[in-house]
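Student: Build me a model:
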Amino acid sequence: MKSESEIDKASTAPTVKALNEESQRTKKGTIVNNSTAVTTNTAIATPDLAVVDGQITTTSLQIAEHFGKRHDAVLRAIRNLGCSDAFRLHNFAESGYVNEQGKSMPSYRITRDGFVFLAMGFTGKEAAQWKEAYITAFNKMEAELNKPVHDPERIALAESLAAEAVAQVYRTVFGAVMEGGHWYKHDRYLLSLSYDQTNKPSIPRAKALGFGKMVVSMDELPDWINGPDPVSCTDLQLARLAMACAQKQEFRAERRAERENSPKQIGQPVKELAA
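Tutor: As a prediction, the model looks like this:
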């Protein structure tokens, strides 16, 4: 991935060569920095895109060059877009460059959405090819940015936890087999990771669930009991579950009634509450 200074040197247009990204500023006056760039090869072009402040962008200068337009015409098209002010501020950042005469000139740094909105007005076969080239470049850079970061510390932690988890499972299963219980061949095991007070992962734990035990959410439980493939249960187990649900519902109804009949209602004077 190339830096923005390398992008400027690689461009064939004199105005792009003179573009100084470190001098660019947004409408809020923030200096544009911390950027990276990538070049995507297509059948027609190699658009150079840059990641600036976390967004994949191109420039009005490059668009003018590739679409065969005068830069002032591209600037005028951007200023005359029928988009909202919020969309314009988010997708068209005012910047600048220094031309060959050493004069500061206006330009825009444009996001993917801004490019799509602007390029909708460009017609012709060659324009269509450039649109495709830019969309391909945006997609490729986005894919590169979304690749997982190979953090050495994170990899070491994952390896350590995985090794400890294997050891815990080994000890748990070994103990179950050595105990020789009747159902050990059908037992299932639950592996869990927990965290200490400093939010760091602690030693993984393995636990035998045993025969007939389930791990299921409350939302899934009704389907497990009465779904198309119901879990096996006895009449006594169903009765105990139904009784527990009824008792819980009754308890909650009583609590709601107590709250509704409580004199401590919001907005009552303090004297009434005291009385």
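Student: C-alpha from now on. contacts and neighbour counts both.
Tutor: Fine.
Student: Domains of this protein: list them as residue ranges, please.
Tutor: 4-145, 150-215, 216-275 (automatic domain parsing).
Student: got a markdown table for those domains, with mean neighbour count too?
Tutor: Listed next are the domains of the chain as a markdown table, based on neighbours: other C-alpha atoms under 10 Å:
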| stretch | mean neighbour count |
| --- | --- |
| domain 4-145 | 17 |
| domain 150-215 | 13 |
| domain 216-275 | 11 |
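Student: Tell me where the stretch 101-250 of the chain has helices.
Tutor: 112-119, 125-145, 152-179, 221-226, 235-261 (DSSP state H, counting those that start in this stretch).
Student: Okay, now the unreliable bits of the stretch 1-150 of the chain?
Tutor: Counting by pLDDT under 70, the stretch 1-150 of the chain contains low-confidence ranges at 1-45, 149.
Student: residue boundaries of the strands in it?
Tutor: 36-39, 48-52, 55-59, 92-98, 104-111 (DSSP state E, counting those that start in this stretch).
Student: Please convert the ones you listed to TSV, extending it with distance to residue 147.
Tutor: Below are the strands of the stretch 1-150 of the chain laid out as TSV (distance: least, C-alpha to C-alpha, whole Å):
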stretch	distance to residue 147
strand 36-39	14
strand 48-52	15
strand 55-59	15
strand 92-98	27
strand 104-111	20
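Student: Compare the ones you listed and give me the one nearest residue 193.
Tutor: Nearest to residue 193 among those is strand 55-59 (35.2 Å), distances taken as C-alpha to C-alpha.
Student: by how many degrees do that closest one and strand 48-52 diverge?
Tutor: Relative orientation of strand 55-59 versus strand 48-52 (axes from the mean of the first three to the mean of the last three C-alpha atoms, to 10 degrees): 130 degrees.
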